[in-house]
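Asks: test case, fold it:
(one chain, ligands or ions: 1)
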Amino acid sequence: MQFTAGTYDVIVIGAGHAGVEAALAAARLGCRTLLATLSMDNIALMPCNPSVGGPAKGHLVREVDALGGEMGVNADKTCIQFRMLNTGKGPAVHALRAQADKKLYQFTMKETCENTENLDVKQILITDLLLEDVPASEAAGGAENAPKKRACGVVVETGEVYLAPAIVMATGTYLKGRIIIGEHTYSGGPNGQRPAMKFSDSLAAAGIRLMRFKTGTPARVDARTLDYDKMQLQPGDDEARNFSFMSDITTREQVPCYLTYTNEATHKILRDNMDRAPMANGIIEGVGPRYCPSIETKILRFPDKDRHQLFLEPEGLHTNEVYVQGMSTSMPMDVQLAFLHTIPGLEHCHVMRAGYAIEYDCIDPTQLKPSLEFKAVRGFFSAGQANGTSGYEEAAAQGIIAGINAAQFIKGEAPVVLRRSDAYIGVLIDDLVTKGTHEPYRMMTSRAEYRLLLRQDNADMRLTPIGRRIGLVSDARWDRFLRKKAAIDDALKLLHETTLTPSAAQNAALEEAGIAPIHSATTAYDLLKRTEVTYDSLRTALPDLPALAKEVRDQVEIQSRYEGYIKKQQEQVAHMEKLEERRLPDNIDYSAVPSLRDEAREKLQNIRPESLGQASRISGVSPADVSVLMVWLEQQRRMGVAGK
Ligand SMILES: Cc1cc2nc3c(=O)[nH]c(=O)nc-3n(C[C@H](O)[C@H](O)[C@H](O)COP(=O)(O)OP(=O)(O)OC[C@H]3O[C@@H](n4cnc5c(N)ncnc54)[C@H](O)[C@@H]3O)c2cc1C
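Replies: Have a look, this model is predicted:
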């Protein structure tokens with residue numbers, strides 16, 4: 001029997017990395033919020049690698065933090081090794097990566113959720129989405145593609161009905177979850193949890209298109225049975241690192257990882273048993289991640305490679321479980337044990353948890369607006385793995401935007417949509433809703449055309465003002481941001497105003513500081529453009545320059561050294577902005593636009609882009625089609641029919 005058990009402003013289905021960010025954002029923005037999860041003990045569970053960040057993913061963590069999200073703060077409190085990657089390359093690809101103590105990460109996030117005002121957390125299994133007709137008075141003038149339905153609540157397997165006008169689905173890898181280990185398969189969620197078997201049917205009944213994806217994870221082995229002498233130590237950085245712009249943690253107990261490799265013996269066992277590999281013999285139907293392949297896929301995809309690197313990553317300070325990164329598999333157990341024992345250092349390892357693959361339902365994200373609201377169902381949002389992505393960071397990035405926009409929806413405010421030039425979050429969501437994805441989508445720096453502007457070090461400069469405008473950035477974070485910004489502006493101003501003349505004394509001071517002499521008057525700012533010059537070496541030559549905090553010094557050095565490249569990218573952004581600002585009315589009948597190519601007409605009718613810029617990124621819509629659309633829009637405007 002169903003009964004109404006409660007009414008909220010926002011209901012978030014799922015307390016994974018997407019759901020917790022969505023729920024915390026909505027609650028912190030003043031909405032009465034319900035966070036539902038299948039297991040209170042698995043809030044913010046890391047079912048796969050015990051790490052946060054890395055290339056592009058570290059950028060997402062910083063961006064979530066800059067907006068007022070939780071992942072960065074939580075990682076700084078609970079991670080047990082930090083490394084800045086790609087420091088040998090330019091700042092655009094510098095990326096922080098940290099090893100997490102999984103249980104500490106989970107329970108710290110659980111504690112934060114349980115102590116957030118306006119937020120209730122419940123262990124419930126949601127089976128159905130409740131929809132109602134959009135009242136005629138709100139039906140957007142009856143436009144043919146205006147949503148006819150709106151979200152109004154959810155049903156729990158035990159009969160409770162919770163009502164709310166805004167619902168965020170963040171169901172991850174649980175919808176019709178199916179676990180595969182060789183020939184052995186069963187319905188299940190990650191880490192031995194229950195799957196959610198019914199909710200997919202409710203989505204399908206609402207006309208939402210589903211996809212079947214798959215991901216996999218490696219075995220966990222017992223640290224006591226590993227021979228680390230046969231591996232290479234991978235220590236953390238000595239320098240203190242933090243994800244959050246709010247963290248000042250300077251000392252941590254760090255634990256190392258270890259590097260080892262597969263070899264020909266490993267590869268032979270895998271080749272000899274490829275007929276029993278579920279991803280090769282058809283047991284697995286779901287589409288897996290190209291950039292996170294299983295070991296059996298690597299053997300098939302790179303047959304000439306004589307070894308693959310494996311990182312042994314501790315899962316926490318209070319466990320012997322070790323994650324074998326790079327060895328994701330769904331091979332039968334006898335094969336898993338055999339190939340693990342061929343690896344240097346793992347010859348006698350005990351497996352604590354088997355490697356497995358999981359198949360699950362997710363939605364086709366082209367059904368979403370850039371706000372992550374479904375085009376066809378008002379007040380219904382989606383975030384995370386449920387949108388076809390893979391990764392904790394990708395999930396958190398979508399979660400905070402979905403939570404913010406659910407709150408904006410409740411308040412009747414315009415949604416927050418980050419552009420590709422604002423953030424990796426903008427690139428991620430635009431790629432999903434404009435191009436869609438046919439496999440689990442993973443963020444990479446190569447996906448961002450403006451990556452020199454979207455560095456991890458300036459995420460706060462790009463996004464904290466947006467978080468403040470909507471009310472998610474706290475006073476403490478705002479004050480800190482303003483102080484940092486002022487320090488950067490003051491330092492840059494002083495460098496611009498500090499002129500050096502090529503006197504003997506000046507050049508002697510420069511040489512003393514290891515800086516080549518100058519031959520004409522120059523500013524300290526221009527001197528800092530030289531790659532061999534740092535702010536600190538400049539201060540040695542110019543002692544009047546003030547000492548700067550590291551985060552300010554980094555900004556000053558990057559902005560002076562990369563000024564030319566940054567300016568060039570800003571010009572590219574300005575050029576694209578013209579197209580982004582050309583809004584497309586959402587009631588265009590593309591079949592009525594003459595001389596559009598059929599493929600473009602079909603894609604535009606399906607995706608219904610919000611701007612000419614978004615239209616130009618739809619695969620199958622050519623620049624010629626965009627020009628046709630521009631001319632047609634102009635004609636409509638002149639005839640006073642559509643678009644300004
Ligand atoms: C086996 C495995 C291997 C993975 N491998 C990788 C990898 O190699 N690289 C990578 O980047 N990522 C990997 N991931 C993905 C990574 O775990 C996810 O990207 C991330 O956890 C997604 O976060 P999310 O919040 O979208 O969903 P999840 O973390 O999956 O959380 C979903 C939440 O929804 C809840 N839920 C679902 N349905 C219902 C319902 N009907 N009612 C109530 N609650 C519900 C669950 O309880 C859970 O709290 C892997 C995941 C798994 C399971």
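
Asks: which single residue of the stretch 351-500 of the chain ends up nearest the ligand?
Replies: Gly384 (2.3 Å; Cβ to the nearest ligand atom). From N, CA and C alone the C-beta is placed, and that goes for glycine too.

Asks: can you give me the domain boundaries for the protein?
Replies: 3-217+360-470, 220-355, 479-566, 582-642 (automatic domain parsing).

Asks: need those in a markdown table (columns: mean neighbour count and distance to Met576).
Replies: Formatted as a markdown table, the domains of the chain follow (neighbours: other Cβ atoms under 10 Å; distance: least, Cβ to Cβ, whole Å):
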| stretch | mean neighbour count | distance to Met576 |
| --- | --- | --- |
| domain 3-217+360-470 | 22 | 7 |
| domain 220-355 | 18 | 26 |
| domain 479-566 | 15 | 16 |
| domain 582-642 | 16 | 6 |
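
Asks: mind putting those into a markdown table with mean pLDDT?
Replies: Shown next, in a markdown table, are the domains of the chain (pLDDT from 0 to 100):
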| stretch | mean pLDDT |
| --- | --- |
| domain 3-217+360-470 | 96 |
| domain 220-355 | 96 |
| domain 479-566 | 95 |
| domain 582-642 | 87 |
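
Asks: which of these sits closest to Val573?
Replies: Nearest to Val573 among the domains of the chain is domain 3-217+360-470 (4.2 Å), distances taken as Cβ to Cβ.

Asks: next one: the residue of the chain positioned farthest from its centre from the ligand, what distance?
Replies: Centroid-distance maximum for the chain: Ala504 at 53.1 Å, with Cα atoms, centre = their mean. According to Cβ to the nearest ligand atom, to the nearest Å, Ala504 and the ligand sit 58 Å apart.

Asks: Lys148 now?
Replies: The value you get for Lys148 to the ligand, if Cβ to the nearest ligand atom is used, is 24 Å.

Asks: go on, Ile518?
Replies: Ile518 is 49 Å from the ligand, by Cβ to the nearest ligand atom.

Asks: then Ala277?
Replies: Counting by Cβ to the nearest ligand atom - Ala277 and the ligand are separated by 16 Å.

Asks: for that residue, which non-adjacent residue is spatially closest?
Replies: Glu296 (4.6 Å; Cβ to Cβ, 6 or more residues apart in numbering).

Asks: picking up where we left off before, take the domains of the chain and write them to TSV, including distance to Val573.
Replies: Shown next, in TSV, are the domains of the chain (distance: least, Cβ to Cβ, whole Å):
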stretch	distance to Val573
domain 3-217+360-470	4
domain 220-355	23
domain 479-566	10
domain 582-642	11
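
Asks: up against the ligand, what does the chain have?
Replies: 13-19, 36-39, 45, 47-48, 125-126, 170-174, 190, 196, 199, 215-217, 292, 328, 358, 384-386, 390-392, 395 (Cβ under 6 Å from any ligand atom).

Asks: cutoff 5 Å now
Replies: 14-18, 36-38, 47-48, 125-126, 170-174, 190, 196, 199, 215, 217, 292, 358, 384-385, 390-391, 395 (Cβ under 5 Å from any ligand atom).

Asks: so which of the residues you listed sit within helices?
Replies: Under the assignment DSSP state H, these contribute His17, Ala18, Phe199, Ala395 to helices.

Asks: and the top helix by length along the chain, what does it pack onto?
Replies: Ranked by residue count and defined by DSSP H, the top helix of the chain is helix 475-497. In this structure, helix 475-497 packs against helix 459-470, strand 522-523, helix 524-527, helix 550-561, with contacts taken as 3 or more Cβ pairs under 8 Å, 6 or more residues apart in numbering; DSSP states H and E.

Asks: contacts for it next, please.
Replies: By Cβ atoms under 8 Å, 6 or more residues apart in numbering, the list of residues contacting helix 475-497 from outside reads 68, 245-246, 460-461, 464-465, 467-468, 473, 523-525, 528, 545-546, 548-549, 551-553, 555-556, 559-560.

Asks: listing partners with orientation, what would you give for the helix or strand just after it?
Replies: Using DSSP states H and E, the helix or strand that follows helix 475-497 towards the C-terminus is strand 499-500. Paired with strand 499-500 in the same sheet, following DSSP bridges, are strand 522-523 (antiparallel).

Asks: contacts for the partner strand next, please.
Replies: So strand 522-523 is contacted by Leu495, His496, Glu497, Thr498, Thr499, Leu500 (Cβ under 8 Å, 6+ apart).

Asks: now stretch 255-267
Replies: In contact with stretch 255-267 (Cβ under 8 Å, 6+ apart) are residues 80-81, 99, 226, 228, 230-236, 295, 299, 306-314, 317, 327, 339, 342-346.

Asks: ok, stretch 173-189 next?
Replies: Contacts of stretch 173-189 (Cβ under 8 Å, 6+ apart): 14, 38, 47, 190, 193-197, 199-200, 210, 215, 276, 278, 283-284, 330-333, 335, 354-362, 385-386.

Asks: what's the end-to-end length of that stretch?
Replies: One end of stretch 173-189 sits 7 Å from the other (Cα to Cα, to the nearest Å).

Asks: for stretch 313-332, same thing?
Replies: 23 Å.

Asks: repeat for stretch 218-229
Replies: Stretch 218-229: ends 22 Å apart by Cα to Cα.

Asks: also stretch 190-199?
Replies: 17 Å.

Asks: same question for stretch 453-460.
Replies: 12 Å.

Asks: from the chain's centre, how far out does that stretch sit?
Replies: Centroid separation between stretch 453-460 and its chain, computed with Cα atoms, centre = their mean, to the nearest Å, is 14 Å.

Asks: please apply the same query to stretch 47-59.
Replies: 9 Å.

Asks: ok, now stretch 148-155?
Replies: 27 Å.

Asks: now do stretch 59-74
Replies: That offset, for stretch 59-74, works out to 10 Å (Cα atoms, centre = their mean).

Asks: now swap in stretch 226-244 and tell me
Replies: 24 Å.

Asks: could you do stretch 308-324 as well?
Replies: 23 Å.
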